[in-house]
Structures are given as structure tokens and as C-alpha cells.
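Chemist: take a look and give me a structure for this.
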Amino acid sequence: MPKSKVAVTLESTLLAELDNLVAAQHFPSRSSAIETAVSEQLARLARTRLAREVAKLDAQEEKALAEEGMGAELGAWPEY
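Modeler: The predicted structure follows:
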């Protein structure tokens, strides 16, 4: 996937920590470390959003919708 350059402004203490991680070879470069951090945060936000949306659902209503039209078939299913 093509990459684009962006300018990022960081607090000096944060930059020092970032440089320490690069020096300790946790990341090959500042860019790699920042890209990883942004990617992980975006994934975390996506999971959080999904969890918030799922929490809005009514479990009983969802079950009723899932079982709708399965009247005769429901008794034929094995019990788990």
C-alpha cells in the first residue's frame, strides 16, 4: 500500500521515549513506531465502537428475531 509523508508534532518527553524505543531496536524507525501506534489505536477504537453498538441491542429481541419462522424446526434441533 502506498504511504504518504505527514508532519507530526510531539512533546519533547514523548519524542525522547520514542527515540529510546528506536535505539533499543523495538522499532526500526520513528516512522514505524508512530505508524504502529496509530494503527493499534484505530483498531482499538473500532473494537470499542463495535462493543458500544452491540451493547445497545436487546438480547431478548435479537433472539426472537433469530428464531422467527423457525417454529416447527426448533423442536428438531438437538439440545446442547
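Chemist: now do the helices in the chain.
Modeler: For the chain, applying DSSP state H gives helices covering 12-23, 30-55, 59-67, 71-74.
Chemist: including mean pLDDT, could those helices go into TSV?
Modeler: Shown next, in TSV, are the helices of the chain (pLDDT from 0 to 100):
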stretch	mean pLDDT
helix 12-23	97
helix 30-55	89
helix 59-67	80
helix 71-74	61
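Chemist: just send those back as TSV, with distance to K5 and mean neighbour count too.
Modeler: Heads up, the C-betas are built off the backbone N, CA and C, glycines and all. As requested, these are exported to TSV (distance: least, C-beta to C-beta, whole Å; neighbours: other C-beta atoms under 10 Å):
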stretch	distance to K5	mean neighbour count
helix 12-23	17	12
helix 30-55	9	11
helix 59-67	46	10
helix 71-74	58	8
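Chemist: P2: which of those is closest?
Modeler: helix 30-55 (13.2 Å; C-beta to C-beta).
Chemist: picking up where we left off before, between the helices of the chain, which one is nearest to M1?
Modeler: Of all the helices of the chain, helix 30-55 sits nearest to M1, with 11.2 Å by C-beta to C-beta.
Chemist: which elements pack onto the closest one?
Modeler: The helices and strands touching helix 30-55, judged by 3 or more C-beta pairs under 8 Å, 6 or more residues apart in numbering; DSSP states H and E, are helix 12-23.
Chemist: just want the angle from the helix it packs on to helix 30-55.
Modeler: 110 degrees (axes from the mean of the first three to the mean of the last three C-alpha atoms, to 10 degrees).
Chemist: off-centre distance for helix 12-23?
Modeler: 25 Å (C-alpha atoms, centre = their mean, to the nearest Å).
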